[in-house]
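**Student:** Prediction below, plus the sequence it came from.
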Amino acid sequence: MQMTFRWYGKDDPVTLEKIRQIPGVQGVVWALHHVPAGDEWEMDDILEVKADAQRYGFNIDVVESVNVHEDIKLGLPSRDKYIENYKKTLEKLAKAGVKVVCYNFMPVFDWTRTELFHKMEDGSTALFFEKAKITNLDPMAFVKEIEEGSKGLTMPGWEPERLSCLKTLFERYRTVTDEDLWSNLEYFLKAVIPTCERVGIKMAIHQDDPSFSIFGLPRIITCRDSLKRLLSMVDSPANALTLCTGSLGSNPENDVVSIIKEFGGRIAFAHIRNIKRFDNGDFIETSHRACDGSIDIVEVVKAYHDMGFAGYIRPDHGRHIWNEDCRPGYGLYDRALGVMYLLGIWDTLEKAKQ
Ligand code: CS2
Ligand code: MN
């Protein structure tokens, strides 16, 4: 197992200097966040990140994410040019020493929450998902309300400057079914996996977050059966998983620990965090500690330890604590506590084994 930590680059207030002081972190999980999805990454930019990370003793083995252009997910004719760019980026990343590329295949949005700084009883704040707010929401009507100003507050991801792009995307996805999305994913993987095999990179898909359908959009990477289908679709070690406990765990039907045990050999990258689910379908992100949330993180770490997991692990989102002013979910303090909790469990298991 190699412990890693997400770093957003030079603009990240959580600097490499700070990350270096967290015990046990060997690599930073990074990306060229300024490059739009679909564009080819420049070698000079990649090497600059590598040099920065190495100055602090970190490897850059894991990239999160090389984002997939919407035209690929939509299956438009223009996808081929974006897939070619993706392959060229993979080749360059491999040259720079990257081993794992995390990505997701969620239409329109990355993770979705209804509130970024939900107040907790202890004074901290955390990412919150209120199911009722989303369940019956008609996206086009919602866009209209925001445009007309009848909605004072929008939602994360629905910022006014994104509205026109959202409208176009919702329009385009209207006729795309889950099966269409599966076949577009298959097309993409059949194109990029041979490149990955040749250059020695693992493509590691991240589950949809939350792991159920929202806004009427197609959504496919949500449960055990979908992971099974994904892995057999292109049966190559290069077609791998980023197993995210918090994303999968948002759906109470998912038994995260048994999923880890079943697909262990194909997990290249482990995202570990806890969430607390409520009976009405809401959930809030908690500390990593098992008893604070609905996911038994001790059993999660034990599953990885038992299988001799040799891949990469990172604490996932954290709460915002000690008045830290930070990127939602990506402050220093709670994620550093997460690292220590995970390593504490790991070391104890290791010692018991010896
Ligand atoms: C999130 C995502 O849950 C998570 O880990 O931080 O932004 C994640 O990085 C992407 O969905 C992966 O492509
Ligand atoms: Mn995750």
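**Tutor:** Arrived safely. Ligands and ions are numbered 1, 2, ... in the order given.
**Student:** what about the strands in this protein?
**Tutor:** Using DSSP state E, the strands of the chain run over residues 2-6, 27-30, 59-64, 100-103, 115-119, 125-129, 202-206, 239-244, 267-272, 275-277, 283-285, 312-315.
**Student:** Among those, which comes closest to ligand 1?
**Tutor:** Among the strands of the chain, the nearest to ligand 1 by C-beta to the nearest ligand atom is strand 202-206 (3.8 Å). The C-beta positions use only the backbone N, C-alpha and C, and glycine is treated the same way.
**Student:** follow-up on the earlier one: can I get the strands of the chain in CSV with distance to ligand 1?
**Tutor:** Below are the strands of the chain laid out as CSV (distance: least, C-beta to the nearest ligand atom, whole Å):
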stretch, distance to ligand 1
strand 2-6, 7
strand 27-30, 9
strand 59-64, 5
strand 100-103, 5
strand 115-119, 12
strand 125-129, 10
strand 202-206, 4
strand 239-244, 5
strand 267-272, 5
strand 275-277, 11
strand 283-285, 10
strand 312-315, 9
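**Student:** just for this protein, where's the confidence low?
**Tutor:** Within the chain, the ranges that satisfy pLDDT under 70 run 151-153.
**Student:** what residues does it put near ligand 1?
**Tutor:** Taking C-beta under 6 Å from any ligand atom as the contact definition, the chain meets ligand 1 at 64-65, 102-104, 110-111, 206, 209, 244, 247, 271, 316.
**Student:** Most widely separated two among the residues you listed?
**Tutor:** Greatest spacing in these, by C-beta to C-beta: Y103 and D316 (15.9 Å).
**Student:** Give me the more crowded residue out of those two.
**Tutor:** D316 (24 against 20; other C-beta atoms under 10 Å).
**Student:** Test my guess that the more buried one contacts L243.
**Tutor:** No. At 10.7 Å, D316 and L243 do not qualify as touching, with contact defined as C-beta atoms under 8 Å.
**Student:** Quickly list what's touching both of those two.
**Tutor:** H271 (C-beta atoms under 8 Å, 6 or more residues apart in numbering).
**Student:** Mind giving me the PyMOL command for buried ones among the residues of the chain next to ligand 1?
**Tutor:** Burial among the residues of the chain next to ligand 1 is assessed by 16 or more other C-beta atoms under 10 Å; the matching PyMOL selection reads:
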select buried, resi 64+65+102+103+104+111+206+209+244+247+271+316
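**Student:** Including distance to K261, could the residues of the chain next to ligand 1 go into a markdown table?
**Tutor:** A markdown table is the format used below for the residues of the chain next to ligand 1 (distance: C-beta to C-beta, whole Å):
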| residue | distance to K261 |
| --- | --- |
| E64 | 24 |
| S65 | 26 |
| C102 | 21 |
| Y103 | 24 |
| N104 | 23 |
| D110 | 27 |
| W111 | 25 |
| H206 | 19 |
| D209 | 21 |
| C244 | 16 |
| S247 | 18 |
| H271 | 17 |
| D316 | 19 |
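**Student:** Any idea how many residues pack against D39?
**Tutor:** Using other C-beta under 10 Å, D39 has 15 other residues around it.
**Student:** Check I83 too.
**Tutor:** Using other C-beta under 10 Å, I83 is surrounded by 21 other residues.
**Student:** what residues are up against it?
**Tutor:** I83 sits in contact with I72, F188, A191, V192, where contact means C-beta under 8 Å, 6+ apart.
**Student:** so the first one touches N184, yeah?
**Tutor:** Okay, so that is I72. Yes. With contact defined as C-beta under 8 Å, I72 reaches N184; the gap is 6.6 Å.
**Student:** Close to ligand 2: what parts of the stretch 251-354 of the chain are there?
**Tutor:** Neighbours of ligand 2 within the stretch 251-354 of the chain, by C-beta under 5 Å from the ion: H271, D316.
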